[in-house]
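Novice: what follows is a predicted protein model with its sequence.
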Amino acid sequence: MCSGFQQRPRFCLARAGTARCDVVRAEKASGTSRAGRAELATLLDFLRRGDTLVVTRIDRLARSIKDLQDIVYTLKERGVTLKATEQPIDTRSAAGKAFLDMLGVFAEFETNLRRERQLEGIAAAKARGAYRGRKPSVDSTEVQRLYVEEKLGATAIARRLGVGRASVYRALARHERPA
């Protein structure tokens, strides 16, 4: 499994070849959560007893210690081992298992640090008045005009402006008018 495949396809394929992989799966999704990772789900369903799941690095598989432990538990239950090509991880040995857990903790720590720095940056930008969030996807004045003058409902306004109904409701709420 090489989730950096889109950025470095030759590298991933070379690593897979060196590890003598029969099947190579790749996805671009973040390892911060298992949600929305269709390739990972397919891969986990595909693996059979005696197989070895080879990843380039553990943080490509999961960045949450819980997700990593859940994946490793699933693999163990199915009789599948886990190896990393760039790290000394092989779940067949005690040292490999210990190193796996340590790297999982550090991957989660790194994700949490990145999230904290991002929130600090956003707070600082807000304090400077530089952070205003995303620009509105709909012109509130036009929504209000269509609602009041043309007596259109939220669904009709949304269709006409090519936006979602939720955007129309938010625009109307800014003008303190119920939809």
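Specialist: Happy to help now that I have it.
Novice: mind listing what's buried in the biggest helix by length in the chain?
Specialist: Using DSSP state H, we find that the single longest helix of the chain is helix 94-128. Buried residues in helix 94-128, counted by 16 or more other C-beta atoms under 10 Å: Gly96, Lys97, Phe99, Leu100, Leu103, Gly104, Ala107, Glu108, Thr111. Yep, even glycine has a C-beta here, placed from its N, CA and C like the rest.
Novice: next one: the third one from Thr56, what distance?
Specialist: Pointing back at Phe99 there. 15 Å (C-beta to C-beta, to the nearest Å).
Novice: right, and Gly96 touches Pro88 too?
Specialist: Yes. Between Gly96 and Pro88 there is a contact under C-beta atoms under 8 Å: 6.8 Å.
Novice: between the buried residues of helix 94-128, which is closest to Arg174?
Specialist: Closest to Arg174 out of the buried residues of helix 94-128 is Thr111 (34.8 Å), distances taken as C-beta to C-beta.
Novice: contacting residues for Thr81?
Specialist: Asp51, Thr52, Leu53, Leu75, Asp90, Thr91, Arg92 (C-beta atoms under 8 Å, 6 or more residues apart in numbering).
Novice: of those residues, buried ones?
Specialist: Thr52, Leu53, Leu75, Asp90, Thr91.
Novice: can you redo these as a markdown table with distance to Ala125?
Specialist: As requested, the buried ones among the contacts of Thr81 are exported to a markdown table (distance: C-beta to C-beta, whole Å):
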| residue | distance to Ala125 |
| --- | --- |
| Thr52 | 46 |
| Leu53 | 41 |
| Leu75 | 42 |
| Asp90 | 44 |
| Thr91 | 43 |
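Novice: where exactly do the helices run in this structure?
Specialist: Under DSSP H, the chain gives helices at 9-18, 38-46, 58-61, 65-77, 94-128, 140-148, 154-161, 165-174.
Novice: from the centre of the protein, point out the most distant residue.
Specialist: Glu149 (43.6 Å; C-alpha atoms, centre = their mean).
Novice: how much space between that one and Gly50?
Specialist: In terms of C-beta to C-beta, Glu149 sits 71 Å off from Gly50.
Novice: Lys135: neighbouring residues, count only.
Specialist: 5 (other C-beta atoms under 10 Å).
Novice: ok now do the nearest residue to Ala156 once chain neighbours are set aside, which residues does it touch?
Specialist: Nearest residue to Ala156 in three dimensions, chain neighbours excluded: Leu146, at 7.8 Å (C-beta to C-beta, 6 or more residues apart in numbering). Residues near Leu146 by C-beta under 8 Å, 6+ apart: Leu152, Ala156, Ile157, Arg160, Leu161.
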